[in-house]
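Trainee: When you get a sec, could you give me coordinates for this:
(2 chains)
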Protein chains: 2
Amino acid sequence: MKIQLEQLNYTIGDLRENSQKIISAIEQGKSKQVDLVVFSELALCGYIPHDMLEQKDFIDMVYEQIDIIASHCHEIAIILGSPWINDSEKGKKLFNAALFISDGQVQKVFKKTLLPTYDIFDDYRYFEPNTEFNLLEYKGEKIAVTICEDLWDKQEASYQFAKETLYSISPLQELSKHKPDYVINIAGSPFSYNQEDLRKQVLIQNAKQYNLPIIYVNQIGANTELIYDGGSRVINQDGEIVNQLSHFNEDSKVIDTEEIDSLPVIESKPVEKIEMIHNALVLGIRDFYHKMGFKTAIMGLSGGIDSALTAALVAEAIGGENTYGILMPSKYSSDHSIKDAVQLAKNLGMHYETISIQQSFESINTSMSEYFAGKEEDVTEENIQARLRGVILMAASNKDGHILVNTSNKSETAVGYTTLYGDMNGGFSVLGDVYKTDVFALSRFINRNRDIIPENSITKPPSAELRLGQKDEDSLPPYEILDGILFSYIEKKLSVTEIINAGYAAETVRFVVNLVNRNEHKRFQAPPILRVSSKAFGFGRRMPLIAKYLIK
Amino acid sequence: MKIQLEQLNYTIGDLRENSQKIISAIEQGKSKQVDLVVFSELALCGYIPHDMLEQKDFIDMVYEQIDIIASHCHEIAIILGSPWINDSEKGKKLFNAALFISDGQVQKVFKKTLLPTYDIFDDYRYFEPNTEFNLLEYKGEKIAVTICEDLWDKQEASYQFAKETLYSISPLQELSKHKPDYVINIAGSPFSYNQEDLRKQVLIQNAKQYNLPIIYVNQIGANTELIYDGGSRVINQDGEIVNQLSHFNEDSKVIDTEEIDSLPVIESKPVEKIEMIHNALVLGIRDFYHKMGFKTAIMGLSGGIDSALTAALVAEAIGGENTYGILMPSKYSSDHSIKDAVQLAKNLGMHYETISIQQSFESINTSMSEYFAGKEEDVTEENIQARLRGVILMAASNKDGHILVNTSNKSETAVGYTTLYGDMNGGFSVLGDVYKTDVFALSRFINRNRDIIPENSITKPPSAELRLGQKDEDSLPPYEILDGILFSYIEKKLSVTEIINAGYAAETVRFVVNLVNRNEHKRFQAPPILRVSSKAFGFGRRMPLIAKYLIK
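Mentor: This is a model prediction of the structure:
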């Protein structure tokens, strides 16, 4: 049987466009005499649609599009990820389903069994779990149809960053009792830089354990925070990869199920973490603009490494000609900062302008002089500068329709070294899930062929330049140490004691962890952050604001 | 048997303080020769602790405090809501448990069966559901111990705003097979103005159906967005209320289980919606400040009704002497606006100062004159004014440690008639879950005894005063119509067609619903909102930002 793996880029909620993409792939399948086209999890509506699943209008439109798609399914069959109404009186109103459609209608509905509720996942908020395990029989072949997490039932040490639950049921174990010829898994498996490895392990382990080939179809593309990297593939029953679709691009391949055994094994060369993050961020930025219908970006250029790297990534994603930078020096800005920012803009072919905040800063201070009378200068004055830059950037954004990009990194977001309504502004954050040490590595990667980010922006000591001679490391531990502690606490969820036992100074660990806990209120109002790690700030990390959570 | 119902105000994460409150209640129980003290759901750690439940440190501290509390349980027993570790290899790591503690240790653990995942609830993210149904036998009485949602297994028309799932299992049905004498339900049931009615119905219906008295213990107090209103009570087996604890206050009552049958029925007089919302907001504000360790509040006073009502509520919650207002007129501000704001401040005994934004506005415009050259005046200039007010308020907040209160209402938050990083600023939002029509009603309620909010602030046509002669109703439908459509779409989740069929003009419905959908990005960065309805913006309403969700 000829199966076409369709790895497409869907937009959440844009049912008509998603449907057109699906139909176009079906038509291509027909032209290639394909028997079955396989689409990814919730392909029709995009994944994760969140509470749109609770809107009646939305589900009505899903069913309308299923009918339209089904009308194209003659002399070809498809497996389509879509919500499906639970007709039972009890349980959640929907299933997360894989619809088998042929002869113009939905013939069989396979439902997701394991509904993740960790990190960014809320599947069980909307979907009733599957409890029946039947195979799809089509053209004489017996297929175990599963959905994403259904293969992730086993907890192993290597999964520790992925999740913490060992499910009580194994869908593949149940399905394997019916002696399938192979497994199809349709997935909505978001990118993180360690996910690709985990995913490969899960597929290989399942193929070996059940002695079954697996046809795995993931999606690509970003929907605000979540980035999907694709990497759809075919694994033979020995757990070897025999067909591989690309990462971060739409792709389509046709395989013959009778040939899986005899296909040569593909050597997959591992991609470096930094290169993966780079590719993910570029896709994330591009899809943010394209899917929202925006064309141009704007950001503040300080001459520092964070804004330089952000600008380089944005220019790569949507073009330097669509990228606008504003330099907003104050009396604390060093000459080289301005020079470095200008050089960067020229290297990227992006627009830039200079608007000083000095006069506005003085005006605010004058109008508040009575209020401030007799009070010491403190962080207030630093914040006013950051916020005036925010006002200017948003004014430029409002006037010209450029969408503001936030340039804060994960390290400073974690410890709250950011100004709410100032440098925290932006339609979305590019580096909010990238630690400062990786910001350096990514900048080196950007410069791998030629100098794009000025060397000086990379090598000078990081500074907010909000007061004279200010340097990040005056008030924070060195970034290698800071990031090590943050990673242990946020990604690995280690306790303070465990982090200290790993070799960090007790006082530093407590200082950093307290800063993280005390700054939840700032992150509550942060823009959406492109997720590249297994634990990003935002939807996947839900912390109460009241956290009188005293460190022992 | 003598049972003490303890309705206390817990702080999320403040395990030591919660533990001390619990111990103090146990000691009081001992002095009254009580047999059993009952505390509410997750009393020990506060509810909802969110992802703190995933931190090892946090669970360690929970167990430490359980030991300390248990050491006080001699010659008295308690039922304590707390997380409890799941020792099984499979399933979630924790249970949401009711610990029966006596003779200095945990004797028996009852686990929550129904784990809500709708609206603000994420119970299944952390907890494994209970599957065993046993009674507590103590002092010769047989008790069915249940936790909150365990009583909410039935879906009825009247529940429509509460949830949409009909559970497949009924804990009380299972427990009733063992012939209990009565039911204890420990709850963490958050306030919304229709929740009290639903709750009463659920208790009465269960008591009648199983012919069992119910002892219901809820908590009070607010933890950022969520407000708990208490209302613990005892229901006899005929579904009549025979003992009632207060709403919005800590309370404690002792009952004798042998007397439940003979206690006189309490006539509960229903409280009006507006009075309930008022009481909830005052508690929400007070607890926000007290639990965060803040003393003073600051806000912008425009002379309009939203800031006037906010100021009145804040002054009531934390005292006029701790409430600061800043008037920030521009050339578009009317004289009466300033007069009304000053009068309000005097009526409330709050501090106020005037800081003009005119000079800063001109400075920004001057510094951006090249950027703006040749471009039309538009919403940019309006937003600059709103954002400069934000800069001034945050500067005052930073300088003096007053926490900024957001004054936006639910109607404008819904349709995006707010400025991000401007009037959307604030540590939390008081009115973000209160529609404009209810803002008027609440203001009348505030003025029920004497004029606190100037009559003119209530009666003048609402305006943002960001350009000459601007009025809200120039660009929005009248508030009665707007709020009617918003309530239908947000709270009732009706489809556009259903809202039109309810009698609203089709064009207006589409206009409003499109505004709601298109402004998710602003709400993404909004401050936490005190929740008083069954569907507030924030954690309980999760919408994707990419929502090319075209209205038919």
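
Trainee: Tell me which stretches of the stretch 301-450 of chain A form helices.
Mentor: For the stretch 301-450 of chain A, helices defined by DSSP state H, counting those that start in this stretch occupy the ranges A:305-318, A:335-348, A:358-367, A:369-372, A:379-400, A:410-415, A:436-446.

Trainee: buried sites along the fourth one?
Mentor: Read that as helix A:369-372. A:Tyr371, A:Phe372 (16 or more other Cβ atoms under 10 Å in any protein chain shown). Every residue, glycine included, has its C-beta placed from N, CA and C.

Trainee: for the record, mean pLDDT for that helix?
Mentor: Helix A:369-372 shows a mean pLDDT of 96.

Trainee: who does it touch, helix- and strand-wise?
Mentor: helix B:379-400 (3 or more Cβ pairs under 8 Å, 6 or more residues apart in numbering or on different chains; DSSP states H and E).

Trainee: mean confidence for the helix it packs on?
Mentor: On average, helix B:379-400 scores 97.

Trainee: Pull out the buried residues from that helix.
Mentor: B:380-399.

Trainee: what does the stretch 101-250 of chain A put close to chain B?
Mentor: A:Thr117, A:Tyr118, A:Asp122, A:Tyr124, A:Arg125, A:Glu164, A:Thr165, A:Leu166, A:Tyr167, A:Ser168, A:Asn223, A:Thr224 (Cβ under 8 Å from any Cβ of the partner chain).

Trainee: What residue, apart from its backbone neighbours, is nearest the fifth one spatially?
Mentor: Here the nearest residue to A:Arg125 in space, its sequence neighbours aside, is B:Thr117; by Cβ to Cβ, 6 or more residues apart in numbering or on different chains that works out to 4.5 Å.

Trainee: Would you confirm that the one you found contacts B:Asp123?
Mentor: Yes - using Cβ atoms under 8 Å, B:Thr117 makes contact with B:Asp123 at a distance of 6.6 Å.

Trainee: between the two, who's got more neighbours?
Mentor: Counted by other Cβ atoms under 10 Å in any protein chain shown, B:Thr117 and B:Asp123 do not tie: B:Asp123 has more neighbours, with 24 against 19.

Trainee: wait, does stretch A:348-365 contact chain B?
Mentor: Yes - interface with chain B: stretch A:348-365 contributes A:Glu353, A:Ile355, A:Ser356, A:Ile357, A:Gln359, A:Ser360, A:Glu362, A:Ser363, A:Ile364 (Cβ under 8 Å from any Cβ).

Trainee: any idea how far the first one is from A:His402?
Mentor: To tie it back to what came earlier, the one meant is A:Glu353. 12 Å (Cβ to Cβ, to the nearest Å).

Trainee: From the structure, what's the count of residues near the nearest residue to A:Asn96 once chain neighbours are set aside?
Mentor: With Cβ to Cβ, 6+ apart as the criterion, A:Asn96 has its nearest non-adjacent residue at 4.0 Å, and that residue is A:Lys112. Residues lying near A:Lys112 (other Cβ under 10 Å) number 25.

Trainee: do the one 3 residues further on as well
Mentor: Other residues within reach of A:Leu115 by the criterion other Cβ under 10 Å amount to 26.

Trainee: How about it: what's its closest non-neighbour residue?
Mentor: Here the residue nearest A:Leu115, using Cβ to Cβ, 6+ apart, is A:Asp123, at 3.7 Å.

Trainee: Contact partners for that neighbour?
Mentor: A:Asn96, A:Lys112, A:Leu115, A:Pro116, A:Thr117, A:Glu149 (Cβ atoms under 8 Å, 6 or more residues apart in numbering or on different chains).

Trainee: what about the first one, is that helix, strand or coil?
Mentor: When you say that, I think you mean A:Asn96. Secondary structure of A:Asn96, reduced to three states by DSSP: H, G, I helix; E, B strand; the rest coil: strand.

Trainee: Spit out the contact partners of it.
Mentor: Going by Cβ under 8 Å, 6+ apart, the list of residues near A:Asn96 reads A:Glu41, A:Leu42, A:Gly81, A:Pro83, A:Trp84, A:Lys111, A:Lys112, A:Leu115, A:Asp123, A:Tyr126, A:Phe127, A:Ile147.

Trainee: Let's see that with 7 Å instead.
Mentor: A:Leu42, A:Pro83, A:Lys111, A:Lys112, A:Leu115, A:Asp123, A:Phe127, A:Ile147 (Cβ atoms under 7 Å, 6 or more residues apart in numbering or on different chains).

Trainee: Same question for the third one.
Mentor: A:Leu115 makes contact with A:Asn96, A:Asp123, A:Tyr124, A:Phe127, A:Pro129, A:Glu149 under the criterion Cβ under 7 Å, 6+ apart.

Trainee: Would you indicate which residues of stretch A:139-148 are buried?
Mentor: A:Glu141, A:Ile143, A:Ala144, A:Val145, A:Thr146, A:Ile147, A:Cys148.

Trainee: mind checking how far the fifth one is from A:Asn279?
Mentor: Right, the one you point to is A:Thr146. 27 Å.

Trainee: Compare A:Glu353 and A:His402 and say which one has the larger neighbour count.
Mentor: A:His402 (22 against 16).

Trainee: Let me know the pLDDT of the nearest residue to the more buried one once chain neighbours are set aside.
Mentor: Once flanking residues are discounted, A:His402 sits nearest to A:Ile298: 3.7 Å by Cβ to Cβ, 6+ apart. For A:Ile298, the pLDDT comes out at 98.

Trainee: ok, the helix or strand where A:Ile298 lies: who's next to it in the sheet?
Mentor: Taking DSSP states H and E as the criterion, A:Ile298 maps to strand A:297-300. Strand partners for strand A:297-300, identified by DSSP bridges, are recorded as strand A:323-327 (parallel), strand A:403-406 (parallel).

Trainee: Need the outlier residue of chain A, farthest from its centre.
Mentor: A:Gly374 (48.1 Å; Cα atoms, centre = their mean).

Trainee: tell me the contacts of it?
Mentor: With Cβ under 7 Å, 6+ apart, A:Gly374 has no contacts at all.

Trainee: What is the burial count for A:Met20?
Mentor: Wrong residue type there; residue A:20 is Gln, not Met. Under the criterion other Cβ under 10 Å, the count of neighbours that A:Gln20 has is 14.

Trainee: just checking, it is part of a helix?
Mentor: Yes - under three-state DSSP, A:Gln20 falls within a helix.
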